[in-house]
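Novice: Below is the sequence, then the predicted model.
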Amino acid sequence: MTASRDAGIIVMGGSFDPIHLGHLIVAERAAELLRARGVIFIPCNIPPHKPATELAPGRHRLRMVELAIRGNRGFRADDIELRRGGVSYTVETIEALRARRGPRAKIWLLIGADSLLELPTWRDYRRILSLCTVVTAGRPGTEIGARVGRGPVRGVDPARPAARILDTPRIDISSTEIRRRRREGLSIRYMVPRAVERYISSRGLYRGSACRGRARCRACGY
């Protein structure tokens, strides 16, 4: 993709530990609402706000993203943060994408509502806001809608809200819940794409003591 032919891209970063259907639904809706050319999913290497020891290895998280988006021509995975190594700072990633795509390219950074409210704690967050447009998943009129543009969550221009709220469906699926269910030997079917479910099972990811010793675990399938 080149900037001259590009209607804009959405950048969606995160641990993706694992990626789930909620991520995919929100990304698809965001692409429709923004009329973006595509969505780039970027698994982080070491997140600044989470213990790295709790993460599945990056190669597994990247592969699960690749499996999850397979067949969607508008979605692609990028290992830029895994290749860079170290702590994954969003500002460095956006700077690299901006250099790659050119100064006139549209870049939207899609983050969760909780992350938006923590934005002032991010490294060089004002630099991020100068390089791209931040968007968040939510619904106008909700609590997050009322809080965006007030308090410390501001852009470079103090009169302008830091982010645009996209009217997206609320999907109550979380990676934390998926990992918990795996540890307890429970099914994660319909929470992740089938290919991701098979990969998690085949690699024994997120298994806990509840899985061990069973003749056949409902979550693992073996």
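Specialist: Ah, there it is. Numbers count the residues shown, from 1 in each chain.

Novice: alpha carbons only for contacts and neighbour counts from here, please
Specialist: Will do.

Novice: Tell me if Gly208 really is in a helix.
Specialist: No - the assignment for Gly208 by DSSP: H, G, I helix; E, B strand; the rest coil gives coil, which leaves it out of any helix.

Novice: Next one, pLDDT for the residue nearest to it when sequence neighbours are not counted please.
Specialist: Taking CA to CA, 6 or more residues apart in numbering, and ignoring the residues beside it in sequence, Gly208 has Arg183 as its nearest neighbour in space, at 3.8 Å. According to the model's per-residue confidence, Arg183 sits at a pLDDT of 95.

Novice: Tell me if I'm right that Arg183 and Tyr206 touch.
Specialist: Yes - the pair Arg183 and Tyr206 qualifies as a contact (CA atoms under 8 Å) at a distance of 6.0 Å.

Novice: Neighbour count for those two, which is higher?
Specialist: In this view Arg183 and Tyr206 are compared by other CA atoms under 10 Å, and Tyr206 has more residues nearby, 21 against 18.

Novice: Give me the distance between the more buried one and Pro43.
Specialist: 17 Å (CA to CA, to the nearest Å).

Novice: how about the strands in this protein?
Specialist: Taking DSSP state E as the criterion, the chain carries its strands at 9-14, 38-43, 75-77, 107-111, 133-138, 164-167.

Novice: Looking at the ones you listed, which is nearest to Ile69?
Specialist: Between Ile69 and the strands of the chain, the shortest gap by CA to CA is with strand 75-77, which sits at 6.0 Å.

Novice: among the helices and strands of the chain, which has the poorest mean pLDDT?
Specialist: Lowest mean confidence among the helices and strands of the chain (mean pLDDT, DSSP states H and E): helix 143-147, at a mean of 50.

Novice: can you list contacts of stretch 188-200?
Specialist: Applying CA atoms under 8 Å, 6 or more residues apart in numbering, the contact partners of stretch 188-200 are 19-22, 64, 67-68, 173, 178, 181-182, 206, 219-220.

Novice: what is the rounded mean pLDDT of it?
Specialist: With pLDDT averaged residue by residue, stretch 188-200 scores 98.

Novice: For that stretch, measure first residue to last.
Specialist: Length of stretch 188-200, first residue to last, CA to CA: 10 Å.

Novice: So what's the gap between it and the chain middle?
Specialist: Using CA atoms, centre = their mean, to the nearest Å, we find the averaged C-alpha position of stretch 188-200 to lie 17 Å away from the chain's own average C-alpha position.

Novice: Next: stretch 110-126.
Specialist: Computed by CA atoms, centre = their mean, the separation of stretch 110-126 from the middle of its chain amounts to 13 Å.

Novice: Rounded mean pLDDT for that stretch, please.
Specialist: Per-residue confidence for stretch 110-126 averages out to 89 on the pLDDT scale.

Novice: hey, C-alpha coordinates of the top helix by length along the chain in PDB?
Specialist: Once the chain is assigned using DSSP state H, the helix that runs over the most residues is helix 21-34. Included here for helix 21-34 are C-alpha records, laid out as PDB according to Å, rounded to 0.1, in the frame of the first residue of the first chain:
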ATOM      1  CA  LEU A  21     -13.400 -11.900  18.300                       C
ATOM      2  CA  GLY A  22     -14.000  -8.600  20.100                       C
ATOM      3  CA  HIS A  23     -10.700  -7.200  18.600                       C
ATOM      4  CA  LEU A  24     -11.800  -8.300  15.100                       C
ATOM      5  CA  ILE A  25     -15.400  -6.900  15.300                       C
ATOM      6  CA  VAL A  26     -14.200  -3.500  16.600                       C
ATOM      7  CA  ALA A  27     -11.500  -3.300  14.000                       C
ATOM      8  CA  GLU A  28     -14.000  -4.200  11.200                       C
ATOM      9  CA  ARG A  29     -16.500  -1.600  12.400                       C
ATOM     10  CA  ALA A  30     -13.800   1.100  12.800                       C
ATOM     11  CA  ALA A  31     -12.600   0.500   9.200                       C
ATOM     12  CA  GLU A  32     -16.200   0.900   7.900                       C
ATOM     13  CA  LEU A  33     -16.800   4.100   9.900                       C
ATOM     14  CA  LEU A  34     -13.500   5.700   9.000                       C
END
